[in-house]
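*Asks:* The following comprises the amino acid sequence and a computationally predicted model.
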Amino acid sequence: MILGITNDHRGYKLKVELLEKLKKDYEVIDYGCKGTESVDYPDYAFKLGEALTNKEIDFGIAICGSGIGISIACNKVKGIRAARVLNLEDVRETRNDNDANIICLNENMDVEYAYNLIIAFITTPFSNLERHIRRVNKIKEYEVRNER
């Protein structure tokens, strides 16, 4: 499994800490900024989203101050279903129900807590229940209809 990770300046510290842990068991490609100097999170969100849609990675991890801005930007990339999560229930529901492919975290998470959310995210399967497939397919169909 290949993971992609990205961040803005506010997510840099957590990214560095997570990379140290994740690289023990996974191949991880870093698409994020390389320091704490102010940057624009959409630039890094788009890189991660495009890597995922181009099948360079299997799942994505995105980190910014709140986790919200970077999730909004990731979701602008066709085929991305990014979810900002705060707890294990959020993780399980977004993977099970929405087949989310990018987990979005905030900068203030404890590294162990964030790591556990990521592991739950990448190991929780999509339910494949008809109602969830139908809903995800509606999102995909909307993306196709509204391509520019």
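*Replies:* Arrived safely.
*Asks:* Have a look at this protein and report its longest helix.
*Replies:* In the chain, assigned by DSSP state H, the helix with the most residues is helix 130-145.
*Asks:* Show me what it is packed up against.
*Replies:* Counting contacts by 3 or more C-beta pairs under 8 Å, 6 or more residues apart in numbering; DSSP states H and E, helix 130-145 is packed against helix 88-98. C-beta coordinates here come from the backbone N, C-alpha and C atoms, glycine included.
*Asks:* pLDDT weak spots in the chain?
*Replies:* 148 (pLDDT under 70).
*Asks:* can you give me the helices in it?
*Replies:* Along the chain, the stretches classed as helices by DSSP H are 12-22, 41-53, 68-74, 88-98, 111-123, 130-145.
*Asks:* export the shortest one as PDB, just CAs?
*Replies:* Below are the C-alpha coordinates for helix 68-74, written out as PDB (Å, rounded to 0.1, in the frame of the first residue of the first chain):
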ATOM      1  CA  ILE A  68     -11.400  21.900   6.900                       C
ATOM      2  CA  GLY A  69      -9.800  24.100   4.300                       C
ATOM      3  CA  ILE A  70      -7.600  21.400   2.900                       C
ATOM      4  CA  SER A  71     -10.600  19.000   2.700                       C
ATOM      5  CA  ILE A  72     -12.500  21.500   0.700                       C
ATOM      6  CA  ALA A  73      -9.600  21.900  -1.700                       C
ATOM      7  CA  CYS A  74      -9.000  18.200  -2.000                       C
END
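*Asks:* which helices and strands does that helix pack with?
*Replies:* When contacts are defined as 3+ C-beta pairs under 8 Å, 6+ apart, helix 68-74 sits against helix 41-53, strand 59-64, strand 82-84, strand 102-106.
*Asks:* I appreciate the help and will end here.
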